[in-house]
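# turn this into a structure:
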Amino acid sequence: MFRGPRRDLQGQYVAFLGSTETYGRFVEAPFPLLLEERLGATCINFGVVNAGVDLYLNDPPVLDLVMQASAKVVQVMGAQNMSNRYYSVHPRRNDRFLRASERLEWLFPEVDFTEFHFVRHMLGRLKDVSEERFATVVTELRQAWIARMKNMLTQIRGQVVLLWFADRPVPDDEAPDLDRDPLFITRQMIEVLRPRVSHVVEVSASAAARAEGTAGMVFSDFESCAAAELQGPRAHVEATDALEKVLRPMIGPAGQRQ
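Residues are numbered from 1 along each chain as shown. Model (predicted):
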């Protein structure tokens, strides 16, 4: 299920792939919707909460629709929510941990993996047990992420914008931080992908956007903690401003709705 309302896919459109930020959880008007209003072009939001690259690679019909778009925006998603040589994730709910491989069980013999349901919880436990061995897992995730992203970008082809959308700039260092999304992504990883895309757009929420907290977001009391960790309406406007500059020349008059 993708975020509505339903759109007509017969004409030209811009496709957006990404995780929670692209979906716009708790935000009434996420940046794909704002761009539709600005550009006058149909914008299809294929974002999924907690999505990883695997979600799209395992769904050929969705990639077929993305390939047909006149322009594509791919959000930089975290490297943790993918199946890899160390563990498997749920094919649709990529943040759900399914099982550890024999390789991971051998690397962390003192850990009982049956107690984990979520990837981030499991990774936090591994880091607590041994930062050195945890670094080995992170290296695998980063290598797998680059390979999967290259695969996906090759498949969707055409005019592609790679979007960094977070509350911080792209980190230059490789020190793994489990508290900052997207997890484990570094500038070097982004640069590896730059030749395969038309543009790289970096949006780190301004101090003013961060200061607004959850103002203007829609959530229940039970969801307040989750909402506080996500980008708010002002940050989505900032992403819209940055993307509009590169998307408008891509779609041109032919890509706009009549």
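# what's the span of stretch 85-95 from first residue to last?
In stretch 85-95, first residue to last residue: 16 Å (CA to CA, to the nearest Å).
# return the set of buried residues in it.
For stretch 85-95, burial by neighbour count (16 or more other CB atoms under 10 Å) applies to Y86, Y87, S88, V89, H90, R93, N94, D95. C-beta here means a position set from N, CA and C on the backbone, and glycine is covered the same way.
# from those residues, which one has the minimum pLDDT?
Across those, the bottom pLDDT score, 92, is held by R93.
# select the longest helix from the chain.
Secondary structure of the chain read by DSSP state H shows that its longest helix is helix 131-156.
# buried set for that one?
134, 137-138, 140-142, 144-146, 148-149, 152-153, 156.
# mind giving me JSON lines with those and columns for pLDDT and distance to E115?
Formatted as JSON lines, the buried residues of helix 131-156 follow (pLDDT from 0 to 100; distance: CB to CB, whole Å):
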{"residue": "F134", "pLDDT": "97", "distance to E115": "17"}
{"residue": "V137", "pLDDT": "97", "distance to E115": "17"}
{"residue": "V138", "pLDDT": "97", "distance to E115": "21"}
{"residue": "E140", "pLDDT": "97", "distance to E115": "22"}
{"residue": "L141", "pLDDT": "97", "distance to E115": "21"}
{"residue": "R142", "pLDDT": "97", "distance to E115": "26"}
{"residue": "A144", "pLDDT": "97", "distance to E115": "24"}
{"residue": "W145", "pLDDT": "98", "distance to E115": "26"}
{"residue": "I146", "pLDDT": "98", "distance to E115": "30"}
{"residue": "R148", "pLDDT": "97", "distance to E115": "28"}
{"residue": "M149", "pLDDT": "98", "distance to E115": "31"}
{"residue": "M152", "pLDDT": "97", "distance to E115": "32"}
{"residue": "L153", "pLDDT": "97", "distance to E115": "36"}
{"residue": "I156", "pLDDT": "95", "distance to E115": "38"}
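# which one of those is nearest to T114?
V137 (18.1 Å; CB to CB).
# if I pick that closest one, what's in contact with it?
The neighbours of V137, taking CB atoms under 8 Å, 6 or more residues apart in numbering as the test, are Y86, L104, L107, L123, L126.
# thinking again about what came up before, beyond the longest helix of the chain, next helix or strand please.
Going down the chain from helix 131-156, the next helix or strand is strand 160-166, by DSSP states H and E.
# now do the SS call for R180.
Following DSSP: H, G, I helix; E, B strand; the rest coil, the label given to R180 is coil.
# which residues are contacting stretch 88-103?
Against stretch 88-103 from outside (CB under 8 Å, 6+ apart): 50-52, 54-55, 58, 81-83, 85-87, 113, 116-122.
# now do the contacts for S206.
Listed by CB under 8 Å, 6+ apart, the contact partners of S206 are R234, A235, E238.
# list only buried entries from those residues.
By 16+ other CB under 10 Å, these give R234, A235, E238 as buried.
# out of those, which are inside helices?
Counting by DSSP H, the buried ones among the contacts of S206 place R234, A235, E238 in helices.
# and the nearest residue to the first one once chain neighbours are set aside, helix, strand or coil?
Sequence neighbours aside, A209 is the residue nearest to R234 in space, at 4.1 Å (criterion: CB to CB, 6 or more residues apart in numbering). Assigned state for A209: helix (three-state reduction, three-state DSSP).
# let me see the contact set for A209.
By CB under 8 Å, 6+ apart, the contact list for A209 reads Q231, G232, R234, A235, E238.
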